[in-house]
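Q: Pasting the sequence and the predicted coordinates here, then a few questions.
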Amino acid sequence: MEVNDNNLQALSTYLKQTLDPNHDVRKEAEKFLASVERQQHFPILCLNLVSMESCDMSVRVAGSVYFKNMVKRLWKVDGEDKLHASDRNQVKTLIVDLMLNSPESIQRQLSDSITIIGAEDFPENWPNLISGMVEKMKTKNFNVINGVLQTAHSLFKRYRYEMRSDELFTEIKFVIENFGEPLTVLFEETLALAEQHAADVLALKVIFNSLVTIAKCFYSLNYQDLPEFFEDNMSRWFPRFLPLLKLQNKLLYTDDAEEVGLLEMLKSQVCENVALYAQKYDEEFAPFLPGYVETVWELLLSTSQEVKYDLLVSNAIKFLTSVAERPQYAELFSNEETLQNICEKVLVPNMKLRESDVELFEDNPFQYIRADVEGSDAETRRRSASDFVRALCKVKEQSVSTIFSNYLGNLIGEYTKDPVNKWIDKEAAIYIVISLAVKTKTERHGATTSNSFINLSDFYQNQIKVELTNPNCHPIVRSAAIKYIMTFRSTLPRDVTVTTIPLLAQLIGEKNIVVHSYAASAIEKIMIIKLPNFSPLTPAEVAPCFEVVLANLFSSFSVEGSAENEYLMKLLMRSVSLMKEQLPPPLVENLITALTVKLGEICKNPSKPHFNHYVFETFSCLIRGTCTGKPEKIAGFEAVLFPAFQDILQKDVTEFIPYVFQVRS
């Protein structure tokens, strides 16, 4: 496919059709483009169209997106080479300059394309990529420089998570030999420009955008190991990072309480960089550490509770945690007054829920659950504060426990006096106890060892149990109480944990999604405990509340938003598996019928893979529990299930076909 006006016009037409609201028009255009994308010169044709200023911008952007997706599909050589060698070489010759001279919306797509190509070809088959980028950095044009930096960041970011290997270290060494000094010089020069243009808001935004990306590149290049270049040049970086944490400039602030500004982004990345050095290269970083500890502490004290500062505060606390975890710095946190200040001024304020957290609980319950119990809150203030508490407990467990005990008493006292308005204090108290008490934990068993200075049973009896039955308990407090049981399910005495099951069974029927999800999850987790000090639950222990569990599970399935609640379905699967042949035949028939109806509903849009998996696992458990040793029972299941399974096969519901054959076997 030659690069000429006719082909450019045709490509423009087809790309425009991919944006058409008519589905049939879009599909035809996509089909045509897929049929020609492997032809020689097509990638070059695509780049030429993207560069045409006379072409409609929406078409150019569509072309850049199509090019990126084509590179993602075809660039990697996996047996068959899907692109012509001459096209590959020409793309690598053209794309950097094109990316740097394109509007931002196109630049982002082409930068991603360079990253994809670089992951395959750099450095062996694209050795001049870095040298070409370095040359562009000398232009003094910050729109160009920012394009180079963003591409470099995308290219280097994989160094943070790739497995260590000789090949990886060879590549990083090559990059630093060619990019380390230019990056350092650019950092120094950009800081100087920031001072010169301190009153020019437009210039500052461009300059600080560069500084943020420079700091990100620094992190990536230092992540795997301490490179010789950066070790030799620490005095050029860390004395310059430090003043950035103290910098104040109203021109860089945002008015929105949730919009993160460039200054916060930069400070946050600096905190992440110094935390990396404190954790991995503490000996080399030691001369700089005291100044950073003092500055980060002052930063935390002066930063408000607004959402836009969350990542900054989280990374600042992580830095202090990294320091506290190193035995050689333990004395920095051993003083009682220091610990008191840390607890009072940093930890307790950042462990309390804020209005934004409450809104998340109410408006997006499953996101709240993922953050609270599944660990997706790694970048939040609360999680960072909790991790800092555990690090401090390793240094002075008794002192930290004693200091927090006083705050716990105050928080619970405030709640007792005014439970309607002070419920946040009770939730904070429960969260603090969990943070203090957990020493080691596993996914299967929750906390496995705990702080000996915290009496878990007493706290359960006096502060948790009452919230499971209190009709006026706030749903967030009730959720926190259930989380306490989930966390310490194998650490509490077995008889205490087992007595929570009937209480939790009642809470599965609550209308609040977080509450009934937590209650279901807690029972399910208790059912799988198997430890020397905690024998597995028996059917006899579950039987008294089994029908309540089932009734409340199906009641909560009818709550808006919980029709495909994976926590509820997982408990149903686990309960059926535990009870097995103890299930009475009428109950089995009712369950099969109800699940078959549910299966018909999710077939229409199978969007929740975990929920779907548990549905079919429950079918399998019911069949095994009923039909083992009783082959005559199989016909009854077949009569109910086969029509539904036949419907899945006829409609080609690909997500469910493997499950159908698995159950039928």
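A: That came through, no problem.

Q: which residues of the stretch 351-500 of the chain score low on pLDDT?
A: Where the stretch 351-500 of the chain drops to pLDDT under 70, the residues are 376-378.

Q: all strands of it, in order?
A: With DSSP state E, counting those that start in this stretch as the criterion, the stretch 351-500 of the chain has strands at 438-442, 446-450.

Q: Mean neighbour count and distance to V346 for those strands - can I get that in TSV?
A: Placement of C-beta: from N, CA and C, glycine included. Shown next, in TSV, are the strands of the stretch 351-500 of the chain (neighbours: other C-beta atoms under 10 Å; distance: least, C-beta to C-beta, whole Å):
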stretch	mean neighbour count	distance to V346
strand 438-442	14	20
strand 446-450	17	24
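
Q: Just confirm L242 contacts E294, I think it does.
A: No: judged on C-beta atoms under 8 Å, L242 makes no contact with E294 at a distance of 9.8 Å.

Q: Look at those two and report which has more neighbours.
A: L242 (17 against 11; other C-beta atoms under 10 Å).

Q: And the more buried one, how close does it get to N273?
A: 11 Å (C-beta to C-beta, to the nearest Å).

Q: can you check I172 too?
A: Noted for I172: a distance of 16 Å to N273, by C-beta to C-beta.

Q: One more: K31?
A: Distance of K31 to N273, computed by C-beta to C-beta: 48 Å.

Q: between those two, which one's more packed in?
A: Neighbours per residue (other C-beta under 10 Å) separate K31 from N273, with N273 holding more: 21 against 10.

Q: mind checking pLDDT for the more buried one?
A: N273 carries a pLDDT value of 97.

Q: wait, isn't it in contact with C217?
A: No: using C-beta under 8 Å, N273 makes no contact with C217, being 10.4 Å away.

Q: helices or strands next to the helix or strand hosting P243 in the packing?
A: For P243, the enclosing helix or strand under DSSP states H and E is helix 234-246. Helices and strands touching helix 234-246, by 3 or more C-beta pairs under 8 Å, 6 or more residues apart in numbering; DSSP states H and E, are helix 166-196, helix 201-223, helix 262-280, helix 282-285, helix 289-302.

Q: and G625, what is it in contact with?
A: Residues near G625 by C-beta atoms under 8 Å, 6 or more residues apart in numbering: 576-577, 579-581, 583, 588.

Q: farthest pair in those?
A: Farthest pair in the contacts of G625 (C-beta to C-beta) is S577 and V588. Separation: 13.2 Å.

Q: neighbour count winner among these two?
A: A direct count of neighbours by other C-beta under 10 Å for S577 and V588 places V588 higher, at 20 against 17.

Q: burial count for the closest residue to S220 other than its chain neighbours?
A: Using C-beta to C-beta, 6 or more residues apart in numbering and skipping the chain neighbours, the partner closest in space to S220 is F156 (3.9 Å). Number of residues near F156 (other C-beta under 10 Å) recorded here: 23.

Q: swap in the one 5 residues further on?
A: When counting by other C-beta under 10 Å, one arrives at 8 neighbours for Y161.

Q: then stretch 150-163 to PDB, C-alphas only?
A: Taking Å, rounded to 0.1, in the frame of the first residue of the first chain, the C-alpha atoms of stretch 150-163 are listed here in PDB:
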ATOM      1  CA  GLN A 150       7.000  11.200  29.300                       C
ATOM      2  CA  THR A 151       8.300   8.700  26.700                       C
ATOM      3  CA  ALA A 152      11.400   8.000  28.900                       C
ATOM      4  CA  HIS A 153       9.100   7.500  31.900                       C
ATOM      5  CA  SER A 154       6.900   5.100  30.000                       C
ATOM      6  CA  LEU A 155       9.900   3.200  28.800                       C
ATOM      7  CA  PHE A 156      11.700   3.000  32.100                       C
ATOM      8  CA  LYS A 157       8.700   2.200  34.300                       C
ATOM      9  CA  ARG A 158       8.900  -1.500  33.700                       C
ATOM     10  CA  TYR A 159      12.200  -1.600  35.500                       C
ATOM     11  CA  ARG A 160      10.100  -1.300  38.700                       C
ATOM     12  CA  TYR A 161       8.400  -4.600  38.300                       C
ATOM     13  CA  GLU A 162      10.500  -6.800  36.000                       C
ATOM     14  CA  MET A 163      12.400  -9.800  37.400                       C
END
